[in-house]
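K.L.:
Please find the sequence and the predicted model below.
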Amino acid sequence: MRNFHLSAAIVAAAFALPALPATAQTNEITIGISISTTGPAAALGIPERNALDFVPKEIGGVPLKLIVLDDGGDPTAATTNARRFVTESKADIIMGSCITPPSIAVSNVANEAGIPHFGLSPFPITPERAKWSVDLPQSIPIMGKVLYAHMKAHNIKTVGYIGYSDSYGDLWVNDFKAQAVPMGMTLVDEERFARPDTSVAGQVLKLVAANPDAILIGASGTAAALPQSALRERGYKGLLYQTHGAASMDFIRIAGASAEGVIMSAGPVMSPETQPDDALTKKPGLALNAVYEAKYGPNSRSQFAGHSYDAFEVLKRIIPVALKTAKPGTPEFREAIRQALISEREIVATQGVYNWTEKDRYGLDDRSRIILTVKDGKYVPAM
């Protein structure tokens, strides 16, 4: 039985995590999920919550109990949610969040408590967070590589950047310097904006004045449409590149005509119909999009729905393995889940094929990405 407990409370300060209480085995597997269903990141969190409609109610004959809390995109609230999963819910597994800063917060708590954690947004997994955290979305280097290759093929030499003034924005700037600069490209201007901002006029004027060959936008959800629209309104004619953080139909809806011609990295779930029949991601992607769009409307598919859905595609493989050696509700079960995550190979999902290891906490390869453009208001493969 799934127990969806939704809360919109944002807590002002985190409290210290007490010692993890002694646990006893239970007859259900408890999964705590912190996502942003309100606030600036709601366009990402709502599809992730919606996708939970289509995940299993039990795995390996054991019922799943899902506890879903809203963090509003706030790292402090995400920390509080994660601590509640540890101390009140006695969670076996923790998931979240849907944007980078609160994902880091959830990971910190999960690793402190010794509970397997599935990140639902790209976030840096440092050595102190590597034991218990894995990430479902594609890593920035994987998605950046395909964008920079497209830039090079189109003779792009100078690039401007506008992105979030937080850790997601940092990840993209650092990756551009690490991958694109050695390929012969130069970052000529770097601009930032906060997630809640409603105008980027000043930043856009500086970018237009710099007149780079292309501009990379490091943002997510509907906020990614803000610089997209502003740059076109100010007359910028060069190529615009968006990250997989923008990969949803909402981006096209908000950006309107300015979305035409954008180049975007995305997960295979955004266009499984165009994948070859032997692509392992095609069947699960078609299956998710069919049920999701049947309930939420045509063209409602989302990169973000794929992240939470895929977490359970992974669990379908690893929970039966863990159940062979331990019972839910125990430290032994949490350790068995952790071990199964790094021992199971070729776990197929909508967004890629996962092969996590102790050192690789992202677990995806080039099968996890496609490159799209917008033509006549629809996503199509980019050339």
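P.N.:
Yes, it's here.
K.L.:
Could you pull up phi and psi at the spatially most central residue of the chain?
P.N.:
Compute the mean C-alpha point of the chain, and by C-alpha atoms, centre = their mean the closest residue is residue 121, 2.7 Å away. Dihedral pair for residue 121: phi -150, psi 160, per degrees, to the nearest 10.
K.L.:
measure it to residue 230 for me?
P.N.:
Here the criterion is C-beta to C-beta, to the nearest Å. By it, residue 121 lies 24 Å from residue 230. In short, each C-beta sits where N, CA and C put it, glycine included.
K.L.:
would you list every one of the helices in the stretch 1-150 of the chain?
P.N.:
Counting by DSSP state H, counting those that start in this stretch, the stretch 1-150 of the chain has helices at residues 42-50, 75-87, 100-113, 140-153.
K.L.:
Just want the angle from the first one to helix 100-113.
P.N.:
Per axes from the mean of the first three to the mean of the last three C-alpha atoms, to 10 degrees, the angle that helix 42-50 makes with helix 100-113 is 50 degrees.
K.L.:
same deal with the last one?
P.N.:
Our comparison of helix 140-153 with helix 100-113, counting by the same axes, to 10 degrees, yields an angle of 150 degrees.
K.L.:
Helix 140-153: which residues count as buried?
P.N.:
Neighbour counts over helix 140-153 (16 or more other C-beta atoms under 10 Å) mark 140, 142, 143, 144, 145, 146, 147, 148, 150, 151 as buried.
K.L.:
pretty sure the fourth one is touching residue 172, no?
P.N.:
Yes - under the criterion of C-beta atoms under 8 Å, residue 144 lies in contact with residue 172, with a separation of 7.0 Å.
K.L.:
Which neighbours do these two have in common?
P.N.:
residue 243 (C-beta atoms under 8 Å, 6 or more residues apart in numbering).
K.L.:
Could you list the low-pLDDT ranges of the stretch 101-250 of the chain?
P.N.:
Within the stretch 101-250 of the chain, no stretch falls below the threshold (pLDDT under 70).
K.L.:
can we see that at 90?
P.N.:
Scanning the stretch 101-250 of the chain for pLDDT under 90 picks out 221-222.
K.L.:
just so I have it, where are all the strands in it?
P.N.:
Assigned by DSSP state E, counting those that start in this stretch, the strands in the stretch 101-250 of the chain fall at 117-119, 133-135, 158-164, 186-193, 214-218, 239-242.
K.L.:
Determine the set of other helices and strands touching the second one.
P.N.:
In this case it means strand 133-135. Packing contacts for strand 133-135, counted by 3 or more C-beta pairs under 8 Å, 6 or more residues apart in numbering; DSSP states H and E, involve helix 100-113, strand 117-119.
K.L.:
Tell me which other helices or strands the longest helix along the chain touches.
P.N.:
Longest helix of the chain, by residue count under DSSP state H: helix 303-323. Other helices and strands packing on helix 303-323, by 3+ C-beta pairs under 8 Å, 6+ apart, are strand 29-35, helix 42-50, strand 58-59, strand 93-96, helix 282-296, helix 331-343, strand 347-348.
K.L.:
try 6 Å this time
P.N.:
Using 3 or more C-beta pairs under 6 Å, 6 or more residues apart in numbering; DSSP states H and E as the contact test, the elements touching helix 303-323 are helix 42-50, strand 58-59, helix 331-343.
K.L.:
how much space between residue 108 and residue 69?
P.N.:
Distance from residue 108 to residue 69, by C-beta to C-beta: 16 Å.
K.L.:
likewise residue 85?
P.N.:
Distance, residue 85 to residue 69, by C-beta to C-beta: 8 Å.
K.L.:
try residue 379
P.N.:
32 Å.
K.L.:
same deal with residue 359?
P.N.:
31 Å.
K.L.:
Domains of the chain: list them as residue ranges, please.
P.N.:
According to automatic domain parsing, the chain comprises the domains 29-138+301-364, 140-266.
K.L.:
quick one, which of the ones you listed is nearest to residue 278?
P.N.:
In terms of C-beta to C-beta, the element of the domains of the chain nearest to residue 278 is domain 29-138+301-364, at 12.3 Å.
K.L.:
so how far does that closest one reach from one end to the other?
P.N.:
Chord length of domain 29-138+301-364, first to last residue, is 26 Å (C-alpha to C-alpha, to the nearest Å).
K.L.:
and if you look at stretch 259-273?
P.N.:
By C-alpha to C-alpha, one end of stretch 259-273 lies 21 Å from the other end.
K.L.:
Give the bridge partners for residue 93, please.
P.N.:
residue 31 (DSSP bridges).
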